[in-house]
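> Sharing a model that was predicted from the sequence below.
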Amino acid sequence: MRLVFPSFLGIALIAALAGCGGPATTTTQYVPPKTPGGRMCMEQCREAQGYCEQRCDLNRRACTNDMQAQAIKDYDKYAREQMSMRAQVDLHPRDFEHPEACDPAECYSDCERPYQTCYENCGGKVISTTSCRAFCF
């Protein structure tokens, strides 16, 4: 025996299942220290995090400069090879760039962990909450 769903029920079921998926999201709440000394300590944590993030920015800029310099070398080699074969030069220097290699996201997340530890050592609380709809992976 074959079951037949009315079309509106089938569509509703598909829409409900589509809304269930998706990645888990994590939110972080910072509860400041209660003492003046703890709050002053927390400011030092913020400064240290700022320096860490500045280092990430500098590393990204240096990486981008190196990547662009390498792209120019690679393009030059490609263009010379194409010319020696009397072939058309179809690519441009930007085609040899790989900006994804300079993504600072991991560096910034490496700054967050010490900041949270420092924050807690100053008497503050770090509360991370992960929320997930059904079937998130």
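Yep, that arrived.

> who touches stretch 101-119?
28, 30, 41-42, 44-46, 48-49, 52-53, 55-57, 59-60, 63-64, 67, 126 (C-beta atoms under 8 Å, 6 or more residues apart in numbering). Heads up, the C-betas are built off the backbone N, CA and C, glycines and all.

> Please list the members of these that lie in strands.
Those of the contacts of stretch 101-119 mapping onto strands are 28, 30, 126, per DSSP state E.

> Following element in sequence after the biggest helix by length in the chain, please.
Assignment by DSSP state H gives helix 36-84 as the longest helix of the chain. Once helix 36-84 ends, the next helix or strand along the chain (criterion: DSSP states H and E) is helix 105-121.

> Distance from that next one to the middle of the chain?
14 Å (C-alpha atoms, centre = their mean, to the nearest Å).

> Return the set of buried residues in that helix.
Within helix 105-121, the residues that count as buried by 16 or more other C-beta atoms under 10 Å are 111, 115, 116, 118, 119, 120.

> out of those residues, who's nearest residue 86?
Nearest to residue 86 among the buried residues of helix 105-121 is residue 111, at 52.0 Å by C-beta to C-beta.

> that older thread, and the ones in strands among the contacts of stretch 101-119, which is closest to residue 95?
Of those, the one sitting nearest to residue 95 (C-beta to C-beta) turns out to be residue 28, at 39.5 Å.
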